[in-house]
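Chemist: Structural data only, the sequence is not supplied:
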């Protein structure tokens, strides 16, 4: 084999007319995938649940191989899509009749922030790290957790945030990048501090070295009580 053989790299053993077949195969898969998404009733990727994402990824190999492999026939691929569509319809039928089956298949919304603090037990049980949501909170205009009344992690991975009124805002853990906050183990000034781990807010005195009673963490961040912009 010759390295950098332009003819081999471009078409190898295939005739030039095979490019037309590849175009037709791509069009075929485009139509099949589009019809699959239409028949499942989805309007966009952001609305896909974990269960539906798994189905789409499962179909990826079949959709990809048939577009350019000459030895992959079209009808079996169509049968794959049709079979998975029937499985999907049957699963959604079961989920509509069994709440427990729906929770098992798709999960359920999780409250991760309540009254300005992380739901630490839920996050610890579900193996959720708070850093995953800081960017989303900032994009929704959140500077610190004291501004948030309730935050719910939806089954599609989105984050729903419900804010406190300005007069109800309390000191809370900042969600700013760590370059913009001071993490302390020995308090430099007196005031309200938030546990860097679980967001518990506590009033501490200068020179105090505190252990969080909620998660046993030793690091604290000066709590903010600014209003939403």
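Modeler: Thanks, I have the structure now. Source: prediction; values computed, not measured.
Chemist: The spatially most central residue of the chain: which element?
Modeler: Nearest to the geometric centre of the chain sits residue 157, at 3.8 Å (C-alpha atoms, centre = their mean). Under the criterion DSSP states H and E, no helix or strand holds residue 157.
Chemist: Excluding sequence neighbours, find me the nearest residue to residue 196.
Modeler: Among residues not flanking residue 196 along the chain, residue 219 sits closest, at 4.2 Å (C-beta to C-beta, 6 or more residues apart in numbering). C-beta here means a position set from N, CA and C on the backbone, and glycine is covered the same way.
Chemist: The one you found contacts residue 184, correct?
Modeler: Yes: at 7.0 Å, residue 219 and residue 184 qualify as touching, with contact defined as C-beta atoms under 8 Å.
Chemist: okay, these two: which has more neighbours?
Modeler: A direct count of neighbours by other C-beta atoms under 10 Å for residue 219 and residue 184 places residue 184 higher, at 19 against 13.
Chemist: Show me the shaky parts of the chain.
Modeler: Counting by pLDDT under 70, the chain shows low-confidence ranges at 37, 40-51, 68, 70, 72.
Chemist: ok, which stretches of it are helices?
Modeler: Assigned by DSSP state H, the helices in the chain fall at 6-10, 18-40, 50-68, 74-97, 99-106, 120-125, 131-139.
Chemist: For residue 203, find the nearest of those.
Modeler: helix 120-125 (19.5 Å; C-beta to C-beta).
Chemist: what's the closest one in contact with?
Modeler: With contact meaning C-beta atoms under 8 Å, 6 or more residues apart in numbering, helix 120-125 is reached by 110, 111, 112, 128, 129, 130, 198, 199, 214, 215.
Chemist: cool, stretch 61-79 as well?
Modeler: 14, 18, 21, 22, 25, 26, 28, 29, 32, 33, 80, 81.
Chemist: now the third one: how far from residue 71?
Modeler: Same thing as residue 21. According to C-beta to C-beta, to the nearest Å, residue 21 and residue 71 sit 12 Å apart.
Chemist: So residue 221 is in contact with residue 196, correct?
Modeler: Yes: using C-beta under 8 Å, residue 221 is in contact with residue 196, at 5.1 Å.
Chemist: what is in contact with the two at once?
Modeler: Residues touching both residue 221 and residue 196 (C-beta under 8 Å, 6+ apart) are 173, 183.
Chemist: Distance of the residue nearest to residue 196 relative to residue 87?
Modeler: Separation of residue 219 from residue 87 (C-beta to C-beta): 48 Å.
Chemist: Same question for residue 67.
Modeler: For residue 67 relative to residue 87 (C-beta to C-beta), the value is 23 Å.
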